[in-house]
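In: Structure, please.
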Amino acid sequence: QQQQQQQDEDEAAAPPVAEESTLARQVDLPLHSQHLLIAAFLASHNPARADAQLFSKHTHGKRKSKKRARTEATPRALLGPSAFPLERLLAIFYCIVDEHIEPTAQIHIQIKSLVTMGLLQATTSTEHLDTVKFKSVLAHADVDSIARRVGFDLAAYMNDL
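Out: You can find the predicted model right below:
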């Protein structure tokens with residue numbers, strides 16, 4: 001009984017162990033890191049062939065076009081996030097950020113930090129930066145929350161969702 005009482009006291013004194021939500025972790029993220037998470041989500045969930053249409057400074061989001069009949073194509077939302085190269089992440093990032101940003105090592109450091117925090121997944125070895133690929137691991141609701149916080153219209157840049 002004494003052991004049980006000691007165990008109960010230890011459990012009561014220890015804070016409950018719970019997985020910290022991704023939203024709780026990103027509250028203190030720098031603005032550019034939040035934009036990088038949005039860019040990663042867009043790169044993971046939009047086909048690369050749609051980038052010129054979605055991110056051109058002249059179109060500002062989706063264009064209205066005729067819908068083509070698809071032949072048993074699986075919607076991208078059901079396929080889950082796909083891997084994308086670093087160059088694509090950076091290209092989308094520079095398109096969606098409101099201000100002009102010079103490419104610096106600081107952006108690469110923020111990407112590495114996002115990988116370390118588990119908010120972005122490297123799908124290849126990060127030893128060779130020119131061939132590294134990433135995948136977004138955040139849920140649509142989490143990214144939508146980040147986008148609203150930074151004033152970005154996520155829906156306008158989604159191809160299939």
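
In: Tell me which residues of whichever strand or helix holds residue 148 come out buried.
Out: Element membership of residue 148 [criterion: DSSP states H and E] is helix 140-150. Residues 142-144, 146-147 are the ones in helix 140-150 that count as buried (16 or more other C-beta atoms under 10 Å). (Glycine included, C-beta is placed from N, CA and C.)

In: could I get those as CSV with pLDDT and distance to residue 105?
Out: Listed next are these as CSV, based on pLDDT from 0 to 100; distance: C-beta to C-beta, whole Å:
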residue, pLDDT, distance to residue 105
142, 93, 27
143, 93, 25
144, 93, 30
146, 93, 23
147, 93, 26
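
In: which helices and strands sit right next to the helix holding residue 148?
Out: Applying 3 or more C-beta pairs under 8 Å, 6 or more residues apart in numbering; DSSP states H and E, we find helix 140-150 packed against helix 22-26, helix 31-45.

In: that older thread, now flag whichever of the buried residues of helix 140-150 is closest to residue 108.
Out: residue 146 (20.1 Å; C-beta to C-beta).

In: who are the neighbours in contact with that closest one?
Out: 26, 34, 37-38, 138 (C-beta atoms under 8 Å, 6 or more residues apart in numbering).

In: If you rank those residues by neighbours, which is first?
Out: In terms of neighbours by other C-beta atoms under 10 Å, the contacts of residue 146 top out with residue 37 at 26 neighbours.

In: That residue and residue 115 touch, don't they?
Out: No: using C-beta atoms under 8 Å, residue 37 makes no contact with residue 115, being 11.4 Å away.

In: which two in the buried residues of helix 140-150 are spaced the farthest apart?
Out: So, the buried residues of helix 140-150 by C-beta to C-beta: farthest apart are 142 and 147, at 9.7 Å.
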